[in-house]
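*Asks:* heads up, no residue letters with this:
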């Protein structure tokens with residue numbers, strides 16, 4: 001088992017705190033925030049998808065292997081799954097939120113759709129957003145696709161679980177596209 005890198009964890013905590021402050025997140029905002037802090041995958045633990053079309057999407061090696069097998073198995077059942085998002089750094093997560101704030105979206109609304117830096121499962125390198133096209137399916141109607149039906153039936157065979165089903169405890173919207181590998 002790999003020992004924690006305490007220096008890296010301290011740096012991540014400092015970065016997270018700075019980013020939250022820059023986004024205007026207060027202690028009151030965090031007081032009732034339900035998602036747990038997530039471990040952050042190290043850069044050397046991340047591997048890109050082998051397909052050139054998706055090489056910008058990275059996961060940990062075990063999650064990537066399982067994701068490739070999941071996508072291939074779905075294809076064998078004539079179901080196309082496309083990886084849309086994998087690992088996200090603290091900075092990237094903050095940028096997503098900052099863009100929404102700049103467009104006038106209230107922080108409270110954003111916090112139901114996007115995890116704050118440090119709280120996103122994407123930081124782990126084990127979370128994968130999946131869609132039915134190379135564009136995006138990050139909307140609730142994804143649950144009406146054959147792809148979602150297939151995932152609901154088979155994702156567990158590859159150690160993936162739906163992180164944010166309806167009425168989950170973390171306060172985010174229902175995300176039928178968001179799946180996490182559980183080693």
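*Replies:* Cool, the structure landed. In this text the structure is predicted, and so the values were computed from the model without any measurement.
*Asks:* so residue 150 sits right up against residue 80, yeah?
*Replies:* No: using C-beta atoms under 8 Å, residue 150 and residue 80 do not qualify as a contacting pair, with a distance of 9.9 Å. C-beta: built from backbone N, CA, C; applies to glycine.
*Asks:* All the helices of this protein, residue numbers only.
*Replies:* 6-22, 27-31, 61-76, 90-102, 107-113, 146-154 (DSSP state H).
*Asks:* Show me the one of those helices that comes nearest residue 175.
*Replies:* helix 107-113 (9.0 Å; C-beta to C-beta).
*Asks:* returning to that earlier point: which of residue 150 and residue 80 has more neighbours?
*Replies:* The neighbour count for residue 150 versus residue 80, taken as other C-beta atoms under 10 Å, is higher for residue 150 (18 against 15).
*Asks:* residue nearest the centroid of the protein?
*Replies:* With distances taken as C-alpha atoms, centre = their mean, the residue of the chain nearest its centroid is residue 122 (3.2 Å).
*Asks:* give the contact list for it.
*Replies:* 85, 86, 87, 88, 93, 115 (C-beta atoms under 8 Å, 6 or more residues apart in numbering).
*Asks:* Out of these, which is nearest to residue 71?
*Replies:* Set against residue 71, the nearest of those by C-beta to C-beta is residue 86 (12.4 Å).
*Asks:* rewinding a little: how about the contacts of residue 122 in TSV, adding distance to residue 70, pLDDT and neighbour count?
*Replies:* TSV is the format used below for the contacts of residue 122 (distance: C-beta to C-beta, whole Å; pLDDT from 0 to 100; neighbours: other C-beta atoms under 10 Å):
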residue	distance to residue 70	pLDDT	neighbour count
85	15	93	18
86	13	97	26
87	17	98	26
88	20	96	24
93	24	96	22
115	23	95	25
